[in-house]
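Enquirer: What follows is a predicted structure for the sequence shown.
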Amino acid sequence: MEDLTSKSVAVFSRPFTVPGFDETLPAGEYEIETEVASPPDQRDPAAWKASVLVKLLPRISHPGLARTLTVSLADFDQARAKDKLTGRELSDIFLEDMLADPMVQLVMKADGVSEAHLRHLYSRSGTSDPTLAAPPSKTPARGARDEESIRTAENEGMPSQPDWPPSLRTRLAAGKT
């Protein structure tokens, strides 16, 4: 017989609530069992909604009392999402995750982009700060050299222009024949 539940641990960094339960639950680690499929005795599988069995932390007033709470998977996921946000904007969390990524750190270093510059770009101020402008190219002559390389590559395989006398070239350029 296949296992219909998945056991794991959910960690909440601050107190939280779930709909239909009048108690604010404290921050901490909660053992959970998530239903991954509808029970075999379910009469209407289409009406089945996934649920989570949460093993609640003991109360200070009743330390030996084991309690559980069954809540819909959607409500539990909502509570976890709110806890992850911890009052911050989703873009702030994205930025922190991005800056923590070692690959992003390597690309930033290679491009000469500072953490302060990215934080300014993602800030909600919308004002430009000239002190945090993108870093200038490390090799100023590189731009002209790159343009020449691009031009050469674009024209590769093209027939060369005939070497006309300068006077004829000037008249052709001016539109005179």
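Expert: Sure thing, it's come through.
Enquirer: Adjacent strands (with direction) for the helix or strand harbouring V54?
Expert: Using DSSP states H and E, V54 maps to strand 51-56. Strand pairing for strand 51-56, using DSSP bridges, gives strand 28-35 (antiparallel), strand 67-72 (antiparallel).
Enquirer: So which of the ones you listed is nearest G20?
Expert: strand 67-72 (7.3 Å; CB to CB). For glycine as for every other residue, the C-beta is placed from the backbone atoms N, C-alpha and C.
Enquirer: in this protein, which spans are helices?
Expert: 73-85, 90-100, 102-111, 115-122, 142-154, 166-174 (DSSP state H).
Enquirer: thinking again about what came up before, ok, and which of the strands paired with strand 51-56 has the densest surroundings?
Expert: With neighbours defined as mean count of other CB atoms under 10 Å, the strands paired with strand 51-56 peak in mean count at strand 28-35, which reaches a mean of 16.
Enquirer: What's the mean pLDDT across it?
Expert: The average pLDDT within strand 28-35 is 89.
Enquirer: Report the backbone C-alpha coordinates of it in CSV.
Expert: The C-alpha trace of strand 28-35 is given here as CSV (Å, rounded to 0.1, in the frame of the first residue of the first chain):
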residue,chain,number,x,y,z
GLY,A,28,9.5,27.4,16.3
GLU,A,29,9.8,24.0,14.5
TYR,A,30,6.6,22.1,13.8
GLU,A,31,6.4,18.5,12.7
ILE,A,32,3.9,18.2,9.9
GLU,A,33,2.2,15.5,7.9
THR,A,34,0.9,16.5,4.5
GLU,A,35,-1.7,14.4,2.7
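Enquirer: now that strand and helix 73-85, what's the angle there?
Expert: Between the axes of strand 28-35 and helix 73-85, defined by axes from the mean of the first three to the mean of the last three CA atoms, to 10 degrees, the angle is 150 degrees.
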